[in-house]
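*Asks:* Starting from these lines, generate the structure:
(chains A and B)
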There are 2 protein chains.
Amino acid sequence: MSAQKPSIPKGTRDFNAEVLAKRYYIFDTIKKVFVKYGFQPIETPTLENLSTLMGKYGEEGDRLLFKILNSGDFLKNASQLTDYKKLTYEISEKGLRYDLTVPFARYVVMHQNEIAFPFKRYQIQPVWRGDSPQHGRYREFYQCDADVIGTNSLVCEAELIQIYDEVFAKLGIPVTIKINNRKILQGLSEVIQAPDKLIDITIAIDKLDKIAWEGVEKELVEKGLSVQACEKIKQFISLNADDLEYFFEENEIGKKGAEEIRTVLHLLKNIETVNQIEIDYSLARGLNYYTGCILEVKAKNVKMGSIGGGGRYDDLTGFFGLKGMSGVGISFGADRIYDVLEELQLFPDLSGNQTKVLIVTFDHENLLYAMPILRKMRDFNIHAELYPEPTKIKKQMDYANKRRIPYAVLIGSEEMQIGKLTFKNMVTGEQEKLYAEEIMQKLMN
Amino acid sequence: MSAQKPSIPKGTRDFNAEVLAKRYYIFDTIKKVFVKYGFQPIETPTLENLSTLMGKYGEEGDRLLFKILNSGDFLKNASQLTDYKKLTYEISEKGLRYDLTVPFARYVVMHQNEIAFPFKRYQIQPVWRGDSPQHGRYREFYQCDADVIGTNSLVCEAELIQIYDEVFAKLGIPVTIKINNRKILQGLSEVIQAPDKLIDITIAIDKLDKIAWEGVEKELVEKGLSVQACEKIKQFISLNADDLEYFFEENEIGKKGAEEIRTVLHLLKNIETVNQIEIDYSLARGLNYYTGCILEVKAKNVKMGSIGGGGRYDDLTGFFGLKGMSGVGISFGADRIYDVLEELQLFPDLSGNQTKVLIVTFDHENLLYAMPILRKMRDFNIHAELYPEPTKIKKQMDYANKRRIPYAVLIGSEEMQIGKLTFKNMVTGEQEKLYAEEIMQKLMN
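*Replies:* Prediction:
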């Protein structure tokens, strides 16, 4: 076979130890908080039936889903070979997980008899989307979600806000936690007498940060809203909480939304948060399955989109035949959090899992002599390596430096004779002759 | 949309919190040992180019690879629509990771300039194979590998044996670690003058455990070996180490294999192992890329195939243009280890991440009162939950029991009045009235 120059598919990544340590620091920080708040982990398969996934993410989602070619003679069920769209579903039955929410809904329905409701679950797994790769957008990336399903209690919203607060406090990222309610947006669409335009309005308002009011207004007009309606929307997004009551005086659903926000804040009244919680009526969140409270987290002092978001959705399991299950969840944007921590230089020292000492030898006798010493180090839980060949010392030292191993132990014939080994600090260059036990004592400190 | 009864693809699994805790116990135990021995983690994408994967796993592997349908109009590059095999590679460019070894080789070649050689990496990630699902065989399962690449030092073999020994000692599973060398098997094929039959011989010998000598002999004869050759093979597999020297007196490669085994054992001479290390000349391991030492781990006292295996392979990166890289690696069979731990009841108490206390309330006032107490508990790192609705007490207690939460704190109007909360042991049923601080003190012990 001739040699290939290897590559990986665009939008995918290899991760080395250094990057993984940082990624796992993020995941572990989040996990610890989830668990403290009573969330339990689940994992679902990478492969899901297309019947589970299709129609849940809109037309674009259906297109961006990665689909698996059926095994064996996949053409035998093909009815025609000209319309590739139609053919897709004749030669493909399975797809890759596109988000964690739909598999979660599927999981809840399939395992409803084993689950104690309200079910608080978290899930940290990769998802795949055939998006055009671009800066900071990948085709394979992790999502990191916590959801509560089976209760409409606003205690959940209050708890999820605290989770956001605590996770970002632990990570050291100052954030603003924004809160809004879809019922308020629905109320707005009713007040301006365009209830059928709710999704258009929310999608447009959601972009306020990116395209400013002028851009939003342009989009609203294009969607068929009147100038008066636009004026009313503009007035709405600058309202304070008290004015909101007045705005929705005669609209039930809007009033309900305002009330829900008040309740959430009331539940948090006697709880100190590290980060700022802010009501933002322009917050809409793109996904149209949200029906109640919506949340979004933005990092302060950094130019970056939201690093977390979520909300309440009624009836997510309805797709799969289980009605009346209200759920609320949040998601952490792990890749963006990574970039923020990097930019603000907030990653702590993560060298704990690295090798602490390299044993360097000069011949096969030294190697043999080193083996039980190495073992003893490891028995004391010292992360230790032996350079596997008694090759040139420079080569062995280069390895230690490249791997950032802070100490080396040199074993030559002299060391074997006197029983004292050369212990070298790779950072300062200092070295001294010590008994193996003394070295281990030093390495354990 | 009409409701669907949801399901997952055959050969895939959902994991709940209880199972995940056990799985992560296995992975974490293995990881800790890997890291102590100086192995660094990497992760590679789930999606690899088919050009990377094809031709590396034999014809069956090519067939069992899960292939991703190209995005967009995948038919536009199709030259014909009758031969599905040929069509496959015209409409599919990417596949799912099939093992961790080939992506590792691809990684080493792509990142050779950043890597410090010898490169010791570990990798714990899922792989996918379109096998017929059957008991204990899945289409999506985790592999758990450690490899050293860039040295042919037998120190690596000696270290990998110690890793097996230590991991299974930590898990409490008594095992036999079997060792053999492909060079010995190659020598054998030369001694019986059938060097072209090496793979047939190793595949047949590998089945000795399952189909006994009669079955092996039958297979060898079918593969065209003479009765004399079979006799010689039968004699060989019962040889002890000393006889082996004599057997290979006039065969270079066989002698080299015997010598390598001796060196590995010599390197381990002054190291105490918990488990038995055993030379087994019938050990062959199926994969034909092994060229030196081969290893296999079998659990004692349990009927179960091997729970670990590995070996040395020369030139694995040659596929991708990087020649002369010798590697040696081991793999842990996580699913089988899980089953062994379950069967021998060896899983420790893994409830550390579960919720310790549930706060139960009777009305909305109680809920509000509970919020800061709950927060305080969490600030003391007590895993705590508040039942989010002040519903019937039986329902809340059922939740605590179903979730196996060991303590409950009841907050009613009386509790709010006197400032003492009802603290209930859910196992014994005992309860007492205590100040919140006293309860936290108890929960922290």
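*Asks:* switch to C-alpha atoms for all contacts and neighbour counts from now on
*Replies:* Fine.
*Asks:* Quick one: list the elements packing against the helix ranked longest in chain A.
*Replies:* Longest helix in chain A by number of residues (criterion: DSSP state H): helix A:17-36. Helices and strands touching helix A:17-36, by 3 or more CA pairs under 8 Å, 6 or more residues apart in numbering or on different chains; DSSP states H and E, are helix A:155-171, helix A:334-343, strand B:40-41.
*Asks:* Format those as CSV; extra columns: mean neighbour count and mean pLDDT.
*Replies:* Formatted as CSV, the helices and strands packed on helix A:17-36 follow (neighbours: other CA atoms under 10 Å in any protein chain shown; pLDDT from 0 to 100):
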stretch, mean neighbour count, mean pLDDT
helix A:155-171, 21, 98
helix A:334-343, 17, 96
strand B:40-41, 23, 98
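*Asks:* Can you redo those as a markdown table, where the extra columns are distance to residue B:138?
*Replies:* A markdown table is the format used below for the helices and strands packed on helix A:17-36 (distance: least, CA to CA, whole Å):
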| stretch | distance to residue B:138 |
| --- | --- |
| helix A:155-171 | 36 |
| helix A:334-343 | 29 |
| strand B:40-41 | 24 |
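*Asks:* any low-confidence regions in the stretch 201-350 of chain A?
*Replies:* Within the stretch 201-350 of chain A, the ranges that satisfy pLDDT under 70 run A:287-288.
*Asks:* One more pass at 80, please.
*Replies:* A:240-242, A:245, A:286-289 (pLDDT under 80).
*Asks:* What segments of it are strands?
*Replies:* A:276-279, A:293-299, A:308-314, A:326-332 (DSSP state E, counting those that start in this stretch).
*Asks:* Report the separation between the residue of the stretch 51-200 of chain A found nearest chain B and residue B:197.
*Replies:* Closest to chain B within the stretch 51-200 of chain A is residue A:68: 4.6 Å, counting by CA to the nearest CA. Relative to residue B:197, residue A:68 is positioned 38 Å away (CA to CA, to the nearest Å).
*Asks:* Please apply the same query to residue A:149.
*Replies:* From residue A:149 over to residue B:197 (counting by CA to CA), the distance is 61 Å.
*Asks:* Likewise for residue A:240?
*Replies:* Distance of residue A:240 to residue B:197, computed by CA to CA: 83 Å.
*Asks:* The two: who's more crowded?
*Replies:* Comparing residue A:240 with residue B:197 by neighbour count (other CA atoms under 10 Å in any protein chain shown), the higher total belongs to residue B:197, at 18 against 12.
*Asks:* residues contacting that one?
*Replies:* Residues near residue B:197 by CA atoms under 8 Å, 6 or more residues apart in numbering or on different chains: residue B:189.
*Asks:* So it lies in a strand, does it not?
*Replies:* No. Residue B:197: not assigned to a strand; according to DSSP: H, G, I helix; E, B strand; the rest coil it is helix.
*Asks:* In terms of pLDDT, where does it sit?
*Replies:* At residue B:197, the model reports a pLDDT of 87.
*Asks:* could you pull out the helices for the stretch 151-300 of chain A?
*Replies:* Secondary structure of the stretch 151-300 of chain A (DSSP state H, counting those that start in this stretch): helices at A:155-171, A:182-191, A:198-206, A:208-222, A:227-236, A:241-247, A:252-267.
*Asks:* Contacts for the third one, please.
*Replies:* Taking contacts as CA under 8 Å, 6+ apart, the residues outside helix A:198-206 that touch it are A:185-186, A:189, A:216-217, A:219-220, A:223, A:282-286, A:288.
*Asks:* same question, the longest one
*Replies:* The list of residues contacting helix A:155-171 from outside it, by CA under 8 Å, 6+ apart, reads A:26, A:29-30, A:33-34, A:37, A:148, A:174-175, A:177, A:264-265, A:267-268, A:273-275, A:293, A:297, A:328-330, A:341, A:346, B:388-389.
*Asks:* hey, C-alpha coordinates of that helix in PDB?
*Replies:* In PDB, the C-alpha atoms belonging to helix A:155-171 read as follows (Å, rounded to 0.1, in the frame of the first residue of the first chain):
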ATOM      1  CA  VAL A 155     -37.700  26.500  41.900                       C
ATOM      2  CA  CYS A 156     -35.900  24.800  39.000                       C
ATOM      3  CA  GLU A 157     -35.300  28.100  37.200                       C
ATOM      4  CA  ALA A 158     -33.900  29.600  40.500                       C
ATOM      5  CA  GLU A 159     -31.600  26.600  40.900                       C
ATOM      6  CA  LEU A 160     -30.300  26.600  37.400                       C
ATOM      7  CA  ILE A 161     -29.500  30.300  37.800                       C
ATOM      8  CA  GLN A 162     -27.500  29.400  40.900                       C
ATOM      9  CA  ILE A 163     -25.700  26.700  39.000                       C
ATOM     10  CA  TYR A 164     -24.700  29.200  36.400                       C
ATOM     11  CA  ASP A 165     -23.600  31.600  39.100                       C
ATOM     12  CA  GLU A 166     -21.600  29.000  40.900                       C
ATOM     13  CA  VAL A 167     -19.900  27.400  37.900                       C
ATOM     14  CA  PHE A 168     -18.700  30.700  36.500                       C
ATOM     15  CA  ALA A 169     -17.600  31.800  40.000                       C
ATOM     16  CA  LYS A 170     -15.500  28.600  40.300                       C
ATOM     17  CA  LEU A 171     -14.000  29.200  36.900                       C
END
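*Asks:* what is the orientation angle of it with helix A:252-267?
*Replies:* Angle, helix A:155-171 to helix A:252-267, by axes from the mean of the first three to the mean of the last three CA atoms, to 10 degrees: 50 degrees.
*Asks:* Now do helix A:155-171 against helix A:17-36, angle only.
*Replies:* 140 degrees.
*Asks:* And the fifth one, by the same measure?
*Replies:* Helix A:227-236 and helix A:17-36 meet at an angle of 80 degrees, taking the same axes, to 10 degrees as the criterion.
*Asks:* now the fourth one
*Replies:* For helix A:208-222 and helix A:17-36, the angle between their directions (the same axes, to 10 degrees) works out to 80 degrees.
*Asks:* For helix A:208-222, enumerate the helices and strands it packs against.
*Replies:* With contacts defined as 3+ CA pairs under 8 Å, 6+ apart, helix A:208-222 has these neighbours: helix A:198-206, helix A:227-236.
*Asks:* Then the second one?
*Replies:* For helix A:182-191, the elements it packs on are helix A:198-206, helix A:252-267, strand A:293-299, judged by 3+ CA pairs under 8 Å, 6+ apart.
*Asks:* try it again with 10 Å
*Replies:* Helix A:182-191 is packed against helix A:198-206, helix A:227-236, helix A:241-247, helix A:252-267, strand A:293-299, strand A:308-314, with contacts defined by 3 or more CA pairs under 10 Å, 6 or more residues apart in numbering or on different chains; DSSP states H and E.
*Asks:* and the last one with strand A:293-299, angle?
*Replies:* Interaxial angle, strand A:308-314 versus strand A:293-299 (the same axes, to 10 degrees): 180 degrees.
*Asks:* Next one: residue A:3, what pLDDT does it get?
*Replies:* Listed pLDDT for residue A:3 reads 58.
*Asks:* which stretches of the stretch 301-445 of chain A form helices?
*Replies:* So, for the stretch 301-445 of chain A - with DSSP H, counting those that start in this stretch - the helices run A:334-343, A:364-379, A:393-402, A:413-418, A:436-444.
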